[in-house]
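Student: Sequence below, structure please.
(one chain, ligands or ions: 2)
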Amino acid sequence: MDYFEGGERLNLMQVLDNREWREKYQKQLMASFPTAVITSVKLNLPGPIKTSPKLQSVFQNIINDLNPVFKDLQIIKEASFVDQITGPEIFFVTSGCLKLVKQIMITFEESHLLGRLLDLDVMCQNADKQLSREELGFAPRKCLLCGKDAKTCIKEGNHSLAEGYSQINKMLHNFEKSKMIVPQMTQSQVVDAALTGMLYEVSLGPKPGLVDPISNGAHKDMTVFTFIDSSLSLQPYLNEAYRIGNQFKGTDLPRMFSLLRNAGIRAEKDMFAATNGVNTHKGAVFSLGIMVTAVAYATQKGITNLLTIQKVISDMTQDLVKNDLGKNNLRNSQNQQTAGERQFIKYKIPGVRGEAEKGFPIVMNLALPFLCEQQGNLNQRLLNTLMKIAGNIDDTNLIKRAGNATISKDMQHWSMTFFQIGGSYTPEGLKFLNDLDQMFIKRNLSMGGAADNLILTIFLARLVGSL
Ligand SMILES: CC(C)(COP(=O)(O)OP(=O)(O)OC[C@H]1O[C@@H](n2cnc3c(N)ncnc32)[C@H](O)[C@@H]1O)[C@@H](O)C(=O)NCCC(=O)NCCS
Ligand SMILES: Nc1ncnc2c1ncn2[C@@H]1O[C@H](COP(=O)(O)OP(=O)(O)OP(=O)(O)O)[C@@H](O)[C@H]1O
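Tutor: Ligands and ions are numbered 1, 2, ... in the order given. Modelled structure (predicted):
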């Protein structure tokens with residue numbers, strides 16, 4: 001998800017006009033409240049885009065975190081919030097001395113996940129000059145990308161705007177994940193959430209190429225009942241995955257993953273036994289098992305958030321692509337290789353292993369926030385989320401069936417078209433999905449990877465209370 005999406009590019013005149021307006025407004029506040037301290041807060045973003053719908057909501061969340069730091073100061077005037085094309089700004093008028101308030105602000109800036117994206121100015125009528133960070137004993141601001149002195153990096157033009165935007169998007173995703181709280185839950189609550197993911201996914205329709213209650217899609221060997229049998233056969237494994245995470249002590253998380261993997265290999269056998277040898281949830285055994293174990297481990301000590309759970313997942317699966325797919329580790333005979341292994345050799349696509357190593361960013365950064373924003377009934381919300389995922393991943397399942405990685409570009413186009421005609425809310429959008437299903441059946445295509453990502457998204461949405 002790009003937080004700058006929908007933002008308007010500013011020209012120099014607009015920036016200069018805003019600066020003039022701010023100076024004038026700050027002077028008015030100081031003249032009206034000569035003994036007060038004025039604190040102005042705005043986003044400090046590089047480049048021509050200073051606001052967007054998503055940036056405005058992030059700014060509001062930051063201010064919610066900032067408000068408590070004023071609790072020991074007297075609020076002399078209700079904070080004034082302005083929202084302009086040059087970005088959201090807020091002005092606090094409080095008691096206190098300039099130095100104290102400046103120290104409080106810099107401490108907030110240094111400690112908050114997004115402190116570096118804020119421009120916090122503190123001033124008062126009687127002060128003859130602004131106090132600098134260095135005068136207050138704080139180190140100069142560091143560059144967001146390389147940690148060197150920010151002023152030096154800007155002067156030397158060490159980084160491109162694209163690099164800056166990418167780093168800022170990463171920081172904003174991490175901030176929003178830190179706000180997605182996962183309460184401590186019982187084992188059966190977590191396992192039920194996982195089963196809900198599998199059962200909701202297969203019940204959703206119409207899904208292009210995939211199995212749902214109306215159409216078996218491009219799968220001649222499976223029906224919705226096969227998936228129900230498969231899901232129920234995996235309940236013992238999901239309980240074991242929870243126990244592995246809940247009982248694991250220490251920080252050797254690759255060891256915790258290897259315990260899970262052994263359980264997962266056994267679970268695959270249970271799945272194949274329940275489905276007469278048909279692969280229904282091989283991907284989910286891997287991905288959902290990792291998530292259940294990570295949630296159980298992260299919440300051992302109490303409430304946590306999606307950012308800490310994502311870190312556990314990445315720590316569990318570090319070097320997984322190298323260990324599983326590296327040239328010396330691949331299975332020997334060609335015909336023994338799986339789709340994922342063949343595609344890694346041919347296209348260097350890391351598939352689900354690569355996603356796991358990164359902590360499932362498609363689920364955490366894109367699909368879950370997208371699902372939370374969706375309106376309408378559950379089927380509509382989940383269909384839109386499935387198509388959003390499908391347009392943003394390299395699905396090794398789809399690529400295997402298409403026989404060519406260029407299918408990912410086609411899938412991006414189909415996903416964009418779906419949303420352009422109203423997505424799941426319009427008859428045209430639903431007709432588009434049914435037509436796509438027919439075309440997928442004809443071409444034997446299926447987007448199993450998107451479906452697996454949806455299962456994970458539903459699981460997490462249940463845990464954070466969004467579903
Ligand atoms: C890593 C796994 C999924 C094997 O992958 P493999 O190379 O066999 O298959 P492949 O990569 O083609 O896809 C596996 C599954 O991932 C899903 N998938 C494909 N692309 C993606 C993606 N971009 N994001 C998420 N899921 C995806 C597909 O639906 C598919 O079902 C796992 O089954 C495994 O590790 N198997 C070895 C035995 C084992 O350890 N099993 C227990 C795992 S806990
Ligand atoms: N509703 C669904 N319908 C079909 N596949 C799904 C569904 N939900 C998830 N999947 C994923 O897609 C995979 C099934 O796709 P596919 O049949 O292509 O896999 P495969 O068994 O590896 O391939 P093949 O059938 O050629 O052996 C499952 O392993 C699962 O991860």
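Student: burial measure for Gln189, as a count.
Tutor: 13 (other C-beta atoms under 10 Å). Just so you know, the C-beta spots here come from the backbone N, C-alpha and C atoms, and that holds for glycine as well.
Student: The strand or helix carrying it: how far from the chain's middle?
Tutor: Element membership for Gln189 (DSSP states H and E) is helix 187-203. The chain centre lies 20 Å from the centre of helix 187-203; the measure is C-alpha atoms, centre = their mean, to the nearest Å.
Student: Equivalent analysis for stretch 45-62, please.
Tutor: 17 Å.
Student: What of stretch 398-406?
Tutor: 26 Å.
Student: Start and end of that stretch, how far apart?
Tutor: 10 Å (C-alpha to C-alpha, to the nearest Å).
Student: Quick check: nearest residue in space to the closest residue to ligand 1 within the chain, chain neighbours excluded?
Tutor: The chain approaches ligand 1 most closely through Gly340 (2.0 Å), counting by C-beta to the nearest ligand atom. Leaving aside its chain neighbours, Gly340 sits nearest to Gly351 (4.3 Å; criterion: C-beta to C-beta, 6 or more residues apart in numbering).
Student: Then Pro53?
Tutor: That would be Gly6: by C-beta to C-beta, 6+ apart, it lies 5.3 Å from Pro53.
Student: show me the contacts for that neighbour.
Tutor: Counting by C-beta atoms under 8 Å, 6 or more residues apart in numbering, Gly6 touches 52-54.
Student: Out of those residues, which end up buried?
Tutor: Buried by 16 or more other C-beta atoms under 10 Å: 52, 54, out of these.
Student: before we move on, back to that, name the residues that touch the helix or strand that contains the residue of the chain closest to ligand 1?
Tutor: Using DSSP H and E, Gly340 maps to helix 339-347. Helix 339-347 is touched from outside by 321, 324-325, 330-331, 337, 349-353, 396-397, 399-400, 405, with contacts defined as C-beta under 8 Å, 6+ apart.
Student: can you pull the alpha-carbon coordinates of that helix into PDB?
Tutor: Output of helix 339-347 as PDB, limited to C-alpha atoms (Å, rounded to 0.1, in the frame of the first residue of the first chain):
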ATOM      1  CA  ALA A 339       6.300 -25.900  -8.900                       C
ATOM      2  CA  GLY A 340       7.900 -23.500  -6.400                       C
ATOM      3  CA  GLU A 341      11.300 -25.100  -6.800                       C
ATOM      4  CA  ARG A 342      11.100 -25.100 -10.600                       C
ATOM      5  CA  GLN A 343      10.100 -21.500 -10.700                       C
ATOM      6  CA  PHE A 344      12.900 -20.400  -8.400                       C
ATOM      7  CA  ILE A 345      15.400 -22.100 -10.800                       C
ATOM      8  CA  LYS A 346      13.700 -20.600 -13.900                       C
ATOM      9  CA  TYR A 347      12.600 -17.200 -12.800                       C
END
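Student: quick one: average pLDDT of it?
Tutor: Averaged across helix 339-347, the pLDDT comes to 90.
Student: Same question for stretch 65-72.
Tutor: Mean predicted confidence for stretch 65-72 is 92.
Student: Same question for stretch 318-327.
Tutor: Stretch 318-327 comes out at a mean pLDDT of 92.
Student: which residues touch it?
Tutor: Taking C-beta under 8 Å, 6+ apart as the rule, stretch 318-327 contacts 253-254, 257, 329, 340-341, 344-345, 350, 353-354, 356-357.
Student: Neighbour-wise, give me the winner out of those.
Tutor: Phe257 (25 neighbours).
Student: so which strand or helix has that residue?
Tutor: Phe257 belongs to helix 253-274, assigned by DSSP H and E.
Student: Give me the spatial nearest neighbour of the residue in the stretch 1-150 of the chain that ligand 2 sits nearest to, chain neighbours excluded.
Tutor: Here the stretch 1-150 of the chain gets closest to ligand 2 at one residue, Met1, 23.4 Å apart by C-beta to the nearest ligand atom. Excluding its sequence neighbours, the residue lying closest to Met1 (C-beta to C-beta, 6+ apart) is Leu366, at 5.2 Å.
Student: Let me know whether the one you found touches Ile389 as I believe.
Tutor: Yes. Leu366 is within contact range of Ile389, at 7.2 Å (criterion: C-beta atoms under 8 Å).
Student: More neighbours: which of those two?
Tutor: Neighbours were counted for Leu366 and for Ile389 using other C-beta under 10 Å; Ile389 has more, 26 against 21.
Student: Just list the residues touching that one, thanks.
Tutor: Here Ile389 is in contact with 362, 366-367, 450, 453-454, 457 (C-beta under 8 Å, 6+ apart).
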